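Sequence and predicted model, in that order:
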Amino acid sequence: MISTKGRYALRVMLDLAEHESAGFIPLKDVAERQEISKKYLEIIVRELVAANFVVGISGKGGGYRLCRSAEDYTVGEILERMEGTLATVACLSAGAPLCPRTGSCETLPLWAEYDKLTHDFFYGKRLSDLTGHGQAAHGGA
């Protein structure tokens with residue numbers, strides 16, 4: 001399950017993409033538009049800055065903006081940064097120790113196929129694919 005942290009990070013990135021022509025966007029503006037606590041967004045944006053997804057400046061005219069074009073971000077990289085691995089089962093996580101049942105596990109192909117579908121879905125979607133969509137249904141995710 002994707003947590004609020006992952007969903008909100010995606011919404012922040014999308015908001016910045018949709019308002020990129022305004023330059024640096026104050027976090028309070030994003031918080032108001034997205035109806036998310038500014039305090040919670042500060043935590044999320046700190047991680048986005050650490051990942052070099054957004055850059056911020058303080059003072060008059062300050063705020064945040066994307067480091068790259070919205071087309072250059074995948075939904076998958078944003079979610080994995082905020083959530084950690086999106087692997088369904090521990091044995092498929094990157095860097096996981098080899099499971100002693102790998103050779104005989106009858107369910108492993110199922111999980112591997114599901115993980116591939118999930119990975120390909122999220123990494124096949126670009127932030128730019130989401131811009132302009134869902135404006136009316138804003139409050140859901």
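That came in fine, so what should we check first? Residues are numbered from 1 along each chain as shown.

Quick check: the gap between the closest residue to Thr85 other than its chain neighbours and Gly61.
Nearest residue to Thr85 in three dimensions, chain neighbours excluded: Ser93, at 4.5 Å (CB to CB, 6 or more residues apart in numbering). C-beta here means a position set from N, CA and C on the backbone, and glycine is covered the same way. According to CB to CB, to the nearest Å, Ser93 and Gly61 sit 42 Å apart.

Comparing the two, which residue is more hemmed in?
Higher neighbour count among Ser93 and Gly61: Ser93, with 14 against 9, using other CB atoms under 10 Å.

ok, that one touching Leu86?
No. Assessed by CB atoms under 8 Å, Ser93 is found out of contact with Leu86, at 9.2 Å.

what's the spacing between the residue nearest to Thr85 and Trp111?
Counting by CB to CB, the gap from Ser93 to Trp111 is 11 Å.

again with Arg65
In terms of CB to CB, Arg65 sits 39 Å off from Trp111.

Glu71 now?
31 Å.

now swap in Ala17 and tell me
33 Å.

More neighbours: which of those two?
Neighbour totals were compared for Ala17 and Trp111, and Ala17 leads with 20 against 15 (other CB under 10 Å).

Check for me that that one belongs to a strand.
No. Secondary structure assignment (DSSP: H, G, I helix; E, B strand; the rest coil) places Ala17 in helix, not in a strand.

So for the nearest residue to it once chain neighbours are set aside, what pLDDT did the model give?
Distances taken as CB to CB, 6+ apart place Ala70 nearest to Ala17, at 3.8 Å, with adjacent residues excluded. For Ala70, the pLDDT comes out at 95.

burial measure for Ala70, as a count.
18.

For it, what are phi and psi?
When read as degrees, to the nearest 10, the backbone of Ala70 gives phi -60, psi -30.

hang on, it packs against Arg126?
Yes. Using CB under 8 Å, Ala70 is in contact with Arg126, at 7.0 Å.

tell me which element the residue nearest the centre of the chain falls in.
For the chain, Ile78 is the residue whose C-alpha lies nearest the centre (CA atoms, centre = their mean; 2.8 Å). Using DSSP states H and E, the element containing Ile78 is helix 75-83.
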